[in-house]
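**Student:** okay, here's the prediction I keep looking at, along with the sequence it came from:
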Amino acid sequence: MDFALTEEQQMIVDTVRGFVETEIYPHENEVERTGFVPRELGREIAAKCKALGFFACNMPEEVGGAGLDHQTFTLVERELGRGSMALTVFFGRPSGILMACNAEQRQRYLIPAVTGEKFDALAMTEPDAGSDVRGMKCFARQDGDDWIVSGTKHFISHADIADFVIVFIATGEEDTPRGPKKKITCFLVDRDTPGFEIRDGYNSVSHRGYKNCILTFDDCRLPSSQILGEVHKGFDIANDWLYATRLTVAATSVGRARRAFDYALSYAAERKQFGKPIGANQGVSFKLADMITDIDAADLLTLSAAWRLDQGLPSNREIASAKVFATEMLARVTDEAIQIYGGMGLMDDLPLARFWRDARVERIWDGTSEIQRHIISRDLLRPLGA
C-alpha cells in the first residue's frame, strides 16, 4: 500500500488550497452576512478557475475537461471543502451525468457546461419524495413526440445560477414483487422553457448564499429530444451520479473539518488559563487527539473509496461508509472546536459557528445517514441471503 500523493497530486492540492485561501476566504464573511453572491463575483471566480486550468476538471479530456481520476478529483473536492460552497460552486464541476448526452445534446449542453458558458443544476427531490425517490409525483405524460410535465421539485441546489436543469421525472409505473414503482426518465430542461419556473427556495441555516430553489412545471411541454439517456432508464444514470456526489460530500466534509481543527489547534496552543496554554490540559488535548484521529480516518475512508472507483471495483458500500462517517465526523469536530474556544466559538468574529451550522445538512442531502446505513447493511447481508 502506498499512501503518498504523487508529485502531480501534491501540486494540485497545493494549487487548489491556495486558490481557496486567496480567492474564496476573503469573500466568505460578506456572503455569510448577506446570504448572496454577486453574479460578477461568481463570474470572476469561474474565470480565475479557468485560467488555472481546473474548470470542469472532473470531466474527461475527450470533451475538454482535465480528465482527473476519481482519487485526484476527490483531493480537489477536499480542498474546496475548506471554503464557502456559495463561492466554490463557481469553481465549475459539471454533473458527470452529462456524459450520457447524445451527439446533438453534447453541443447544446455538455460542451457549454465544460467550457463554462452554461451552468447546470440537478433536480430529483420533491416535497413528498426525498429518500423515497420512487415516490416522486412530478409526472410526464407522452403526447405524440412530446412529454407534458406537471409537478414540483424542491431543495434544488444552485438552480438560481443554472442555465439548464437535469431533471428526473416519473414517466410511468411498473409492478414489482414489492408493489408498484415509478419509472423514471431524465430530461434536460432549459431555464426559459415555457411552463417551467425556477423560484427561490427556503432560507437555510446551512451554507448561506448557496441557494436551494423550487422548480415548478405547469403543463411544460418537452420534446423527446430533451430526454437524457433512454425513456424509463433515468435511474441507471442517477446511480452513477449518486456515487460521485456522495464521495464529494465526504471529501468536502474532511476539508472543512481540517479547517475547523486548525483553528482549534492554534487556539489551544495560544490561549492561556491558570498560567499555561489550555492545550496543556488533558480536557483539551484529548479532544484534539480524538478530532485528528476522526479526521484522518474519514480522509482515508474517502480516498480508499475513490481508489476503488478508479480500479473498477464495487464501491457502493465503501462510498456509503465514507459519506456517513465523514459527515458525522464533521459534526463532532466542529462541535468540539467550539467547545475548545468556549463562548468565543459562537461569535461571528470566527467562522466556527458557520462550520457548525453548515455541518448539519451534510448528514441529510445526497442520501441521509440512515440511507447510507441501509446501503451498507444491505451489501453485507444480501450475499448471506438475509
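**Tutor:** Now that the structure is in, tell me what you want to look at.

**Student:** show me where this structure has its strands.
**Tutor:** 120-123, 139-143, 146-157, 164-176, 179-190, 196-200, 212-223, 227-228, 272-273, 276-277 (DSSP state E).

**Student:** nearest to residue 242, out of those strands?
**Tutor:** strand 120-123 (10.3 Å; CB to CB). For glycine as for every other residue, the C-beta is placed from the backbone atoms N, C-alpha and C.

**Student:** can you list the buried residues in the closest one?
**Tutor:** Buried residues in strand 120-123, counting neighbours by 16 or more other CB atoms under 10 Å, are found at 120, 121, 122, 123.

**Student:** of the strands of the chain, which stretch is the most buried?
**Tutor:** Comparing the strands of the chain by mean neighbour count (mean count of other CB atoms under 10 Å), strand 120-123 ranks first with a mean of 23.

**Student:** helices or strands up against that one?
**Tutor:** Under the contact definition 3 or more CB pairs under 8 Å, 6 or more residues apart in numbering; DSSP states H and E, strand 120-123 sits against strand 146-157, strand 164-176.

**Student:** skipping adjacent residues, who's closest to residue 89 in space?
**Tutor:** residue 158 (5.2 Å; CB to CB, 6 or more residues apart in numbering).

**Student:** tally of neighbours for that neighbour?
**Tutor:** By the measure other CB atoms under 10 Å, the count of residues near residue 158 is 20.

**Student:** ok, now residue 26?
**Tutor:** By other CB under 10 Å, the burial measure for residue 26, its neighbour count, is 10.

**Student:** which ones are touching the nearest residue to residue 212 once chain neighbours are set aside?
**Tutor:** Of all residues not flanking residue 212 in the chain, residue 201 sits nearest, at 3.9 Å (CB to CB, 6+ apart). Taking CB atoms under 8 Å, 6 or more residues apart in numbering, we find residue 201 in contact with 154, 155, 156, 211, 212, 213, 214.

**Student:** what's the most distant pair in those residues?
**Tutor:** So, the contacts of residue 201 by CB to CB: farthest apart are 154 and 211, at 11.9 Å.

**Student:** spit out the contact partners of the residue nearest to residue 89.
**Tutor:** 89, 119, 121, 210, 211, 213.

**Student:** for residue 175, give me the pLDDT.
**Tutor:** Per-residue pLDDT puts residue 175 at 84.

**Student:** roughly how far apart are it and residue 181?
**Tutor:** As defined by CB to CB, to the nearest Å, residue 175 lies at a distance of 8 Å from residue 181.

**Student:** and for residue 385?
**Tutor:** From residue 385 to residue 181 the distance is 23 Å (CB to CB).

**Student:** and residue 251, by the same measure?
**Tutor:** Distance from residue 251 to residue 181, by CB to CB: 32 Å.

**Student:** can you check residue 117 too?
**Tutor:** On the measure of CB to CB, residue 117 and residue 181 end up 38 Å apart.

**Student:** so residue 369 makes contact with residue 325?
**Tutor:** No - between residue 369 and residue 325 there is no contact under CB atoms under 8 Å: 9.5 Å.

**Student:** out of the two, which sits in the busier spot?
**Tutor:** Shown here are residue 369 and residue 325; by other CB under 10 Å, residue 325 has more neighbours (20 against 17).

**Student:** hang on, the more buried one packs against residue 298?
**Tutor:** Yes - the pair residue 325 and residue 298 qualifies as a contact (CB under 8 Å) at a distance of 5.4 Å.

**Student:** flag the shaky bits of this structure, pLDDT-wise.
**Tutor:** Within the chain, no stretch falls below the threshold (pLDDT under 70).

**Student:** 90 - rerun?
**Tutor:** Along the chain, segments meeting pLDDT under 90 span 1-3, 128-135, 173-182, 235-244, 386.

**Student:** and it, what are its domain boundaries?
**Tutor:** Here the domain parsing of the chain from the TED database is 7-115, 120-235, 242-384.

**Student:** so which of those domains is nearest residue 1?
**Tutor:** Across those, residue 1 has its closest neighbour in domain 242-384 (9.8 Å, CB to CB).

**Student:** overlap in contacts, residue 325 and residue 298.
**Tutor:** residue 250.

**Student:** tell me who's in contact with the nearest residue to residue 346 once chain neighbours are set aside.
**Tutor:** Among residues not flanking residue 346 along the chain, residue 353 sits closest, at 5.1 Å (CB to CB, 6+ apart). By CB under 8 Å, 6+ apart, residue 353 lies in contact with 338, 345, 346, 347.
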